[in-house]
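>>> What follows is a predicted structure for the sequence shown.
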Number of protein chains: 2
Amino acid sequence: MRTLKYALLGLINRQSMSGYDITREFNNNKLANFWHAKHSQVYPELNRLTEEGLITCELVNLTDKFEKKMYTITDAGKKEFAAWLSEDEPLAPTPKDVFRLRMYFCENMTPQELSQHLDNAVLQHEKSLAKLMHIMSDTYGNVPPEICTQAYGDYMVLEGAILREKSYLEWLHKCLDRM
Amino acid sequence: MRTLKYALLGLINRQSMSGYDITREFNNNKLANFWHAKHSQVYPELNRLTEEGLITCELVNLTDKFEKKMYTITDAGKKEFAAWLSEDEPLAPTPKDVFRLRMYFCENMTPQELSQHLDNAVLQHEKSLAKLMHIMSDTYGNVPPEICTQAYGDYMVLEGAILREKSYLEWLHKCLDRM
DNA sequence: GGAGCCATGTAACATGTTACATGATTAT
DNA sequence: ATAATCATGTAACATGTTACATGGCTCC
């Protein structure tokens, strides 16, 4: 389905970006809550999109010797991206989760081991939730931006990530309550 | 990390199984709520585990001409599986989600298009939730089995899947309420 | 001068999907 | 007979990770 392709087109559609900028978005920013890619995957894909005429590349001189490659979306790129956005795709298969896999095999654990795993997961997800909620209140003060804006996209997925973490914690606590 | 390896070892540890049986677990049964694999991935991995001495293979004749391969875990396999089970792994990166990616780019949608996407997702997740809750009440009558049993592992991940779907729906409804 | 970040790329490997291939059994 | 399911495999391809490789800039 080449989802990475559309992630890149969507980002470059927001504004011209370099491969490094895109990688940073994937690893540090809001996108990390539902998509990610390493630079080793991003750079080849940018070259491919350029060959396909969906983006163009411009060399920008930062200093005499030091350049960066800024990518801009083309009309063809905008068209393909818009077509993908409007697609009505089927429900994705449930995401893989190694922790759930371990829990599934709890018949091989003592109650002590089981609750230790659960406790550890609680700590990890509480930390992750706290971080997300901090970003939320810092950025939006919990007030949603106007719908169908760039900020609203950011807000929606952040809200979704918070609910996801809360739900994971709810599950872990239900399991712990039965111990 | 070779997670598939441990998924297979865990299943074969429960009882001797064929590659076909395992594939069926992955695609039809409770495992589908957090792990899955196609037969084209399962069969080579079974051969690899056999070579590594973690499982053994026995040909069982169903009829004169028709055989199936039943795999059984070895002591070495049990040991490796137990070691993996007790590992305390770091928080996994958030799972990729194409729907959230689309929502992230909502600045390119009209409110009509956005709410249409949300409505469609609601239908899909409601269907999925209904199915899970049906399995839950049918199998357990909502009464959790004794902890650290095979049935309890099944129950835990099913409960987790239900909470996950409920949380996804809560997010979608929050988004729709703002439209 | 060294640490950390900016910036771009490739190679080898691991994982996962789709398609190709075959053949028996069971229920209608 | 024919469709669905049981049963096992391989080949080609797509996706994603880790490691290798290079070099400049900025702050301390």
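Received the coordinates, thanks.
>>> Going by neighbour count, list what's buried in the top helix by length along chain A.
The longest helix of chain A (DSSP state H) is helix A:111-140. Across helix A:111-140, burial judged by 16 or more other C-beta atoms under 10 Å in any protein chain shown covers A:114-115, A:117-118, A:120-122, A:124-125, A:128-129, A:132-133, A:135-136, A:140. In this view, the C-beta of every residue, glycine as well, is placed from N, C-alpha and C.
>>> Taking those residues, tell me the two that lie furthest apart.
A:114 and A:140 (38.1 Å; C-beta to C-beta).
>>> show me the residues around the closest residue to DNA strand D within chain A that make contact.
In chain A, the residue that lies nearest DNA strand D is residue A:40 (3.1 Å; C-beta to the nearest atom of the strand). By C-beta atoms under 8 Å, 6 or more residues apart in numbering or on different chains, residue A:40 lies in contact with nothing.
>>> Relative to residue A:19, how far out is it?
The gap separating residue A:40 from residue A:19 is 10 Å, by C-beta to C-beta, to the nearest Å.
>>> Mutual contacts of the two, please.
With C-beta under 8 Å, 6+ apart as the test, residue A:40 and residue A:19 reach no residue in common.
>>> how about stretch A:144-163 as PDB, C-alpha atoms only?
Presented in PDB, the C-alpha positions along stretch A:144-163 are these (Å, rounded to 0.1, in the frame of the first residue of the first chain):
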ATOM      1  CA  PRO A 144      -9.500  21.900  20.600                       C
ATOM      2  CA  PRO A 145      -8.500  24.100  17.600                       C
ATOM      3  CA  GLU A 146     -10.900  24.800  14.800                       C
ATOM      4  CA  ILE A 147     -11.800  21.700  12.900                       C
ATOM      5  CA  CYS A 148     -10.100  20.800   9.600                       C
ATOM      6  CA  THR A 149      -7.000  22.800  10.300                       C
ATOM      7  CA  GLN A 150      -3.400  21.600  10.600                       C
ATOM      8  CA  ALA A 151      -3.500  22.200  14.400                       C
ATOM      9  CA  TYR A 152      -6.700  20.200  14.600                       C
ATOM     10  CA  GLY A 153      -5.000  17.100  13.000                       C
ATOM     11  CA  ASP A 154      -2.300  17.400  15.500                       C
ATOM     12  CA  TYR A 155      -4.900  17.700  18.300                       C
ATOM     13  CA  MET A 156      -7.000  14.800  17.200                       C
ATOM     14  CA  VAL A 157      -4.100  12.300  17.100                       C
ATOM     15  CA  LEU A 158      -2.800  13.500  20.400                       C
ATOM     16  CA  GLU A 159      -6.200  13.100  22.000                       C
ATOM     17  CA  GLY A 160      -6.400   9.600  20.400                       C
ATOM     18  CA  ALA A 161      -2.900   8.700  21.800                       C
ATOM     19  CA  ILE A 162      -4.000   9.800  25.300                       C
ATOM     20  CA  LEU A 163      -7.100   7.700  25.200                       C
END
